[in-house]
Every structure is written in structure tokens, then in C-alpha cells.
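Engineer: my questions are about this predicted structure, shown below with the sequence.
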Amino acid sequence: MFKRLYPKHFVASIYDIDLEALKRNGVKAILTDLDNTLVAWNIADAPDDLVAWLDMVNNQYGFDVIIVSNNNGDRVRKFAEPLGLHYIAPARKPLPIGFKRALTQFGYHAKEVVFLGDQLFTDVLGANSVGIEVIHVQPVVKTDGVVTRFNRMMERLVFHRMKQKGIYKLTKKVVEEPSVLKHPTELRQTLQQEKE
Ligand SMILES: [Mg+2]
């Protein structure tokens, strides 16, 4: 049960996501939550830095971006349409239906996409249940709608457990040495070869 609440990666914000690595790993589309993942839950329009980031994601990296949000269709449409983004709303996360609709409607396999989200009990649980890898984004603002507050309380328990188990590791966007990017096994082999 708990495992389905664990994201694969953790970032402080979407701007810390290593888009180059996603590309290398065969990702074709980014599915994303809206409220408190891309913008604060009470912000109607995309700020300039988000517009610039989406432009880079679309045009430089060629990722399709699909918003999968539990908010009402009207809120999501008003946000997504001016940006030319696809959207599924209301998605009813953590139920699989919204995720599955995004995949079938736009023609992607679960392994070709990643999901960005700030909530364990909707975003992470739902995406994991349909086999989509999740990058957890820290909520843009600390305040939440009423429904979310209870989930946040429960989330604290899960985060505590993830920290205890060493699962929680925040990834910062840094330019790494090529050797650091290697898988530990590969790195060990390289070191072994150098010794011989
Ligand atoms: Mg959210």
C-alpha cells in the first residue's frame, strides 16, 4: 500500500527537473497536475517564468504537455487554452480514469510519460497505479483548499516514513560530472577496470 504513495524522484520545483535526462530515458510527454504543481492553486494565469519553461519543454525538448487536474473543467480550460496545452479535467485522481484517458486520447504508453504532481494521495497514488513514473514537486504555496488540508496531514506521515527509509532524496538541478551520472554498477565496473 505505502509503496504506491512513493514518487520516483523529488524536486523543489518544476524548474529543477532534468529535462535532458527525461529525453535520454525515452520520455515523450509530460503529464502534470495544475494546482500547486505548475502554479499556486489560487492563481488563474501562467506567470512569465512558467510560460518560458513550457516554451522550452515544448520547442527545445519536444515534449507534449498534458494537464491532468482534479479542478473543474472551467478553471483548467482557462489556464490551459491560452498556453496551447492539452488537458483532462476533472480527472478524479487518484482514480486511473483521467490518467488512462490522457494516454489513450493522445496516444502514449505509460512508460513514455512522466507525471508531475504535488500530492501523494491523488497525483502519486493515481499515476503509480497505472504504471506512470512520478516526479514529486513541492507545493508552490503552503496554503491549500479545504479538501487538501486533510491529505496534507496524512502526507506528513508518509514523508516521515520515506525519510526513515532513505527514499526521500531531493534532486537539485546541477551540472554534474559525467562520471556522477553513471549508474552505480557501471561506475564500480569502471573503477574496477581502472584498477586492473
Ligand atoms: Mg496539486
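Structural biologist: Noted; the coordinates are in hand.

Engineer: how about the residues of the chain near the ion?
Structural biologist: Counting by C-beta under 5 Å from the ion, the residues of the chain lying close to the ion are D33, D35, N36, T37, D118. Quick note: C-beta positions are derived from backbone N, CA and C, even for glycine.

Engineer: rerun that using 6 Å as the cut-off
Structural biologist: Residues of the chain lying close to the ion (C-beta under 6 Å from the ion) are D33, D35, N36, T37, D118, Q119.

Engineer: give the next helix or strand downstream of the biggest helix by length in the chain.
Structural biologist: Scanning the chain for the helix with the most residues, using DSSP state H, yields helix 146-164. For helix 146-164, the succeeding helix or strand toward the C-terminus, using DSSP states H and E, is strand 170-171.

Engineer: re the thing from before, which parts of the longest helix of the chain are buried?
Structural biologist: T148, E155, V158, F159, M162 (16 or more other C-beta atoms under 10 Å).

Engineer: picking up where we left off before, which one of the residues of the chain next to the ion sits closest to D74?
Structural biologist: D35 (13.5 Å; C-beta to C-beta).

Engineer: ok, the closest one - how many residues close by?
Structural biologist: D35 sits with 26 neighbouring residues when counted by other C-beta atoms under 10 Å.

Engineer: for it, grab phi and psi.
Structural biologist: Note on D35: its backbone torsions stand at phi -70, psi 120 [degrees, to the nearest 10].

Engineer: that one contacts I67, doesn't it?
Structural biologist: No: assessed by C-beta atoms under 8 Å, D35 is found out of contact with I67, at 9.9 Å.

Engineer: quick one: low-confidence parts of this structure?
Structural biologist: 1, 144, 173-196 (pLDDT under 70).

Engineer: one more time with 80, if that's ok
Structural biologist: Scanning the chain for pLDDT under 80 picks out 1, 143-148, 173-196.

Engineer: check contacts around N71.
Structural biologist: Taking C-beta atoms under 8 Å, 6 or more residues apart in numbering as the contact definition, N71 lies against L34, D35, A89, P90.

Engineer: nearest the middle, which residue of this structure would you pick?
Structural biologist: In the chain, the centroid-proximal residue (C-alpha atoms, centre = their mean) is L116; its distance is 1.5 Å.

Engineer: tally of neighbours for the residue nearest to that residue when sequence neighbours are not counted?
Structural biologist: Using C-beta to C-beta, 6 or more residues apart in numbering and skipping the chain neighbours, the partner closest in space to L116 is T32 (4.1 Å). By other C-beta under 10 Å, 25 other residues sit near T32.

Engineer: wait, T32 sits on I66?
Structural biologist: Yes: the pair T32 and I66 passes the contact test of C-beta under 8 Å, sitting 7.3 Å apart.

Engineer: elements contacting the longest helix of the chain?
Structural biologist: Judged by 3 or more C-beta pairs under 8 Å, 6 or more residues apart in numbering; DSSP states H and E, helix 146-164 is in contact with no other helix or strand.

Engineer: all set now, cheers.
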